[in-house]
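# Starting from these lines, generate the structure:
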Amino acid sequence: MGFEDSALTRLRRYREAADRSLAVQRGIEETTRRFSERLFGGLEYVAALGRRSGFGMEVERAKDVLVLRVEATPGAKARLTLGLVVGVTAEMDEDLMHEDLSRYSLDPSGYSGRILGWSEEVGEPCQTFAVYGDGVWKTKGLFVAKARGRVDDAGEILNGFCLRIIGRLVDLAALTGGAGRRWSTEPYTLSDLLSGKEHPTEVRSPR
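Okay, here's the model as predicted:
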């Protein structure tokens, strides 16, 4: 076999492998998007129930982003922004890793899509969801310390999970359930005080 025929044979194998890999990645992206739609819908539903219970709750939803605001009373507020991240990659966080996979599973079956959550009180993402192609999702963070489920879980199950998230937001807004802010150990000088600079505080996770 000449070079050209040999090269074409190898390149066709590369093409087949690339097509399989890309199909798996597209499937993970679709599964992650489907989960984000269910999660966002559940939060909207529970927020509507929260308004009926006397809380100020607002939900703004744009493409792939949801902003949830909770107000327990004027001035006692908390906010969570969730966003679907574009793309998939190998999951390296042991707390978020699929139980059937490991950090050495670099095949696309070990890849996850992500949904990230931010709060005004915390600069970096404070809630992370990892979603896998087989429908498993796992999360950890400030609002829910650790949880897992499936994209196709019944609506009551997912809505119950969304109720946990909104409950943590209420905790943060009203400083209930062991949540709230605490004095930070960051330096705070007399000149900071005299200049009117606020003392740094840290968000404490609800129990």
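
# State the distance from T176 to D134.
37 Å (CB to CB, to the nearest Å). C-beta coordinates here come from the backbone N, C-alpha and C atoms, glycine included.

# Surely G110 touches L101?
Yes - between G110 and L101 there is a contact at 4.5 Å, judged by CB atoms under 8 Å.

# Quickly list what's touching both of the two.
Common neighbours of G110 and L101, using CB atoms under 8 Å, 6 or more residues apart in numbering, are E91.

# Output the contacting helices and strands for the longest helix along the chain.
Assignment by DSSP state H gives helix 3-52 as the longest helix of the chain. Using 3 or more CB pairs under 8 Å, 6 or more residues apart in numbering; DSSP states H and E, the elements in contact with helix 3-52 are strand 56-62, strand 65-73, strand 76-84, strand 111-119, strand 122-131, helix 155-174.

# Same question for the third one: list its buried residues.
In other words, strand 76-84. The neighbour-count check on strand 76-84 (16 or more other CB atoms under 10 Å) flags 77-84 as buried.

# show me where pLDDT drops low in this protein?
Low-confidence segments of the chain, defined by pLDDT under 70: 102-106, 121-123, 177-180, 204-207.

# quick one: contacts for E156?
Per CB under 8 Å, 6+ apart, neighbours of E156: none.

# Correct me if wrong, but R181 is in a strand.
Yes - counting by DSSP: H, G, I helix; E, B strand; the rest coil, R181 is found in a strand.

# Quick check, I28 in contact with S109.
No - taking CB under 8 Å as the definition, I28 is not a contact partner of S109, at 9.0 Å.

# Look at the two and report which has more neighbours.
Neighbours per residue, other CB atoms under 10 Å: of I28 and S109, the larger number sits with I28, 21 against 15.

# Would you list the phi and psi of M97?
Phi and psi for M97, reported as degrees, to the nearest 10, are phi -70, psi 140.

# Can you tell me how far the closest residue to it other than its chain neighbours is from V70?
Leaving aside its sequence neighbours, M97 sits nearest to E91 (CB to CB, 6 or more residues apart in numbering; 5.3 Å). Look at E91 and V70: by CB to CB, they are 30 Å apart.

# Equivalent analysis for G27, please.
Here the criterion is CB to CB. By it, G27 lies 35 Å from V70.

# Compare neighbour counts for these two and give me the winner.
Using other CB under 10 Å as the criterion, G27 and V70 rank with V70 on top: 24 against 17.

# and that one, what are its bridge partners?
Beta bridges link V70 to M57, A78 when assigned by DSSP bridges.

# Could you verify my assumption that it touches S53?
No - look at V70 against S53 with CB under 8 Å: they stay out of range, at 11.4 Å.

# residues near K140, how many?
Each residue near K140 was counted by other CB under 10 Å, and the total is 18.

# One more: G196?
Using other CB under 10 Å, G196 has 6 other residues around it.

# Next up, phi/psi of it, please.
In terms of degrees, to the nearest 10, the main-chain angles of G196 are phi 90, psi 10.

# For R15, see how far away A7 is.
12 Å.

# how many neighbours does the closest residue to F129 other than its chain neighbours have?
Spatial nearest neighbour of F129, excluding adjacent residues (CB to CB, 6+ apart): I115 at 4.0 Å. For I115, the tally of surrounding residues (other CB under 10 Å) stands at 24.
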